[in-house]
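> Please work out how this folds:
(2 chains, ligands or ions: 1)
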Amino acid sequence: MSDLKFPIYLDYSSTSPCDPRVAAKMAECLTLEANFGNPASRSHFFGWKAEEAVETARREVASLLNCDPREVVWTSGATESDNLAIKGVAHFHSKKGKHIITSMIEHKAVLDSCRQLEREGFELTYLEPSDTGVITADAVEKAIRPDTILVSLMHVNNEIGVINDIESIGKVTRENKVLFHVDAAQSTGKVVIDLETMQVDLMSLTAHKTYGPKGIGALFVRRKPRVRIVPQIHGGGHERGMRSGTLPTHQIVGMGEAFRLAHEEMEADNRRILSLRTRLLSGLEDMEEVYVNGALDARVAANLNISFNFVEGESLMMALRDLAVSSGSACTSASLEPSYVLRAIGRNDELAHSSLRITIGRFTTEEEIDYAVGKIREAVGKLRELSPLWDMYKDGVDLDQVQWAAH
Amino acid sequence: MAYSDKVLDHYENPRNVGKFDDSDQSVGTGMVGAPACGDVMRLQIKVSDAGIIEDAKFKTYGCGSAIASSSLLTEWVKGRSLDEAKEIKNADIAEELALPPVKIHCSVLAEDAIKAAIADIKAKREAS
Ligand SMILES: Cc1ncc(COP(=O)(O)O)c(C=O)c1O
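Numbering: from 1, shown residues only, chains lettered A, B, ... in the order given. Down below sits the predicted model:
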């Protein structure tokens, strides 16, 4: 009857498995008999053949984004792309100004790049999201100063899946002659990206959240109007000097194929994934004291981030050992650190601690969702029976008024 | 995080879960921790006139190690005198459950809980 395999993978926003069609293409680029050459070798067949595969992949990536292939620079992933875009712009334009705008809920790759620039003397503004998790064009416009050189915001948030209106923000940045970098690691294959209409100057991409391999990504760098950056990795001058290093043909071919499939199958994937998310949510939302984190209507189909009040996150994860999901609390030290994203959208520590991020993908089945719903309900029920906070809530005690003996 | 078999056992089959009526003069209640820190323990002991802990119950909001620490504690305190129970050390709980260093605070909280419950019953007795 059941062909469920445990643990069930529901953490697609962390990484996705390679699509078997992607893996097959990659395997054709490794051995002596296959396409193993160095794409930079100009003097022989092996190099030419590898270069051709790399350029085909570049066209696939460009085609998903609706940009020119010459605007695509290969990197090792979105972390490197974020570093290259932010530091690259800052270092090139530092004479013009030293102010950069970003948000409190960016990925660490952006936040830590910004922190580094602060140490180098740049000034940062961290925009606070709305309680639905959105950064508005209006908020960006208000934060722009005469010395602002860059705005860096994500397209889709990795924790709550909320989508920013990149088109509106791009209008504001372009009108104010400020460069606009977008981290799109979580949006390829999930939301339409059209760089003809979006006035984005730089865009970070990664393959491994879109059924491609880990360790490969790209940075879109606009040619018209031309965007200039200072390279962060020096060497053989690959990628028009913006990113040196021998190109990993198999990785690039994998990303190209993954993005080609995303382009072709996005609509059908999204429809199916949305119906699974709806099924998941309707299986959970009738429980008491559950909260969806972030806007539900401006969110990618794949994401559900939900908090179960009066239940602690790590014990919940322990009860859900046969589900691979993420928790909003990283209890790696004595002091539990609740998710900074959930805190920034106004969730208190308790709700942040009790959150689950469930992300659905191309290979998720209805049966897996039904199993997850049953398991989560059972675990939350059990842990609430164990929870003194649940008792107090049921007795009508206002937990905010209690004097806790903090330790 | 890998859990020891003993933590898993207490987590899967917690002992003595529940609640006594706090207005009962023979019941001492210790509530420690804070929701914002990610753990709250409520330990209750039922004490005979001779000062022996006859029964114990707990409820814990917290990670698996916090649940296991308080569950184990209820087993240990039963049958002990208040003075004996006061001697229970967090290190003993941590050792019994093979808690990793990052989870030692769970056993500290359990020790705080029994101390608080004992203080509560003593205060009740002095007041009456
Ligand atoms: C929004 C966002 N930016 C950047 C990254 C980092 O990407 P990569 O793993 O390709 O370095 C991730 C994923 O971890 C992400 O979700």
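
> For residue 9, which non-adjacent residue is spatially closest?
Since no chain was named, I'll use chain A. Counting by Cβ to Cβ, 6 or more residues apart in numbering or on different chains, A:Ala324 is the residue found nearest to A:Tyr9 once chain neighbours are left out, at 5.0 Å. For the C-beta atoms, the positions are set from N, CA and C on the backbone; glycine is no exception.

> wait, chain B
B:Ala68 (7.9 Å).

> and the one you found, which of the three is it?
Of the three states, B:Ala68 takes helix under DSSP: H, G, I helix; E, B strand; the rest coil.

> Am I right that it is in contact with B:Ala94?
No. B:Ala68 lies out of contact with B:Ala94 (Cβ atoms under 8 Å); the separation is 10.6 Å.

> quick one: which of these two has more around it?
B:Ala68 (31 against 22; other Cβ atoms under 10 Å in any protein chain shown).

> how close does that one get to A:Tyr340?
B:Ala68 sits 29 Å away from A:Tyr340, going by Cβ to Cβ, to the nearest Å.

> How about A:Tyr291?
Distance, A:Tyr291 to A:Tyr340, using Cβ to Cβ: 18 Å.

> And the average pLDDT for stretch A:173-192 is what?
In this model, stretch A:173-192 has a mean pLDDT of 98.

> And it, how far out from the chain middle?
The chain centre lies 12 Å from the centre of stretch A:173-192; the measure is Cα atoms, centre = their mean, to the nearest Å.

> End to end on that stretch, go ahead and measure it.
End-to-end distance for stretch A:173-192, by Cα to Cα, to the nearest Å: 20 Å.

> Buried residues, that stretch. List them.
Applying a neighbour-count criterion of 16 or more other Cβ atoms under 10 Å in any protein chain shown, one finds A:173, A:178-191 buried in stretch A:173-192.

> Which pLDDT value belongs to residue 103?
No chain in the question, so chain A it is. pLDDT, A:Ser103: 98.

> wrong one, I was asking about chain B
Residue-level pLDDT assigned to B:Lys103 equals 91.

> My read is that it contacts B:Gly62, right?
No. Using Cβ under 8 Å, B:Lys103 is not in contact with B:Gly62, being 10.2 Å away.

> between the two, which one's more packed in?
B:Gly62 (30 against 25).

> can you pull the contacts of the more buried one?
By Cβ atoms under 8 Å, 6 or more residues apart in numbering or on different chains, the residues touching B:Gly62 are A:Glu312, A:Ser315, B:Gly33, B:Gly38, B:Asp39, B:Val40, B:Met41, B:Cys106, B:Leu109.

> what about the fifth one, how many neighbours?
In this case it means B:Asp39. 28.

> Would you mind listing what in the stretch 151-300 of chain A touches the ligand?
Within the stretch 151-300 of chain A, the residues that sit near the ligand (Cβ under 6 Å from any ligand atom) are A:Met154, A:Asn158, A:Asp183, A:Ala185, A:Gln186, A:Thr206, A:Gly217.

> can you pull up the bridge partners for the last one?
This means A:Gly217. Beta-bridge pairing of A:Gly217 under DSSP bridges involves A:Thr75, A:Thr206.

> who touches it in this structure?
By Cβ under 8 Å, 6+ apart, A:Gly217 lies in contact with A:74-81, A:185, A:204-207, A:255.

> residue in the stretch 151-300 of chain A nearest to chain B?
A:Glu289 (13.1 Å; Cβ to the nearest Cβ).

> check contacts around the nearest residue to that residue once chain neighbours are set aside.
Once flanking residues are discounted, A:Glu289 sits nearest to A:Asn309: 3.8 Å by Cβ to Cβ, 6+ apart. By Cβ under 8 Å, 6+ apart, A:Asn309 lies in contact with A:Glu289, A:Val290, A:Tyr291, A:Glu350, A:Leu351, A:Ser354, A:Tyr393.

> Pipe the residues you listed into CSV and attach pLDDT and secondary structure per row.
What follows is the contacts of A:Asn309, written out as CSV (pLDDT from 0 to 100; DSSP: H, G, I helix; E, B strand; the rest coil):
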residue, pLDDT, secondary structure
A:Glu289, 97, coil
A:Val290, 97, strand
A:Tyr291, 97, strand
A:Glu350, 86, helix
A:Leu351, 91, helix
A:Ser354, 89, coil
A:Tyr393, 95, helix
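
> Highest neighbour count among these?
Counting neighbours by other Cβ under 10 Å, A:Ser354 leads the contacts of A:Asn309 with 32 neighbours.

> how close does it get to A:Ser307?
Counting by Cβ to Cβ - A:Ser354 and A:Ser307 are separated by 5 Å.

> which residues do these two both contact?
Joint contacts of A:Ser354 and A:Ser307 (Cβ under 8 Å, 6+ apart) are A:Gly328.

> residues touching residue 51, list them.
Let's take chain A. Contacts for A:Glu51 (Cβ under 8 Å, 6+ apart) come out as A:Pro39, A:Ala40.

> my bad, the chain I had in mind was chain B
Counting by Cβ under 8 Å, 6+ apart, B:Gly51 touches B:Ser81, B:Leu82, B:Asp83.

> Which among these count as buried?
Among the contacts of B:Gly51, those scoring as buried are B:Leu82 (criterion: 16+ other Cβ under 10 Å).
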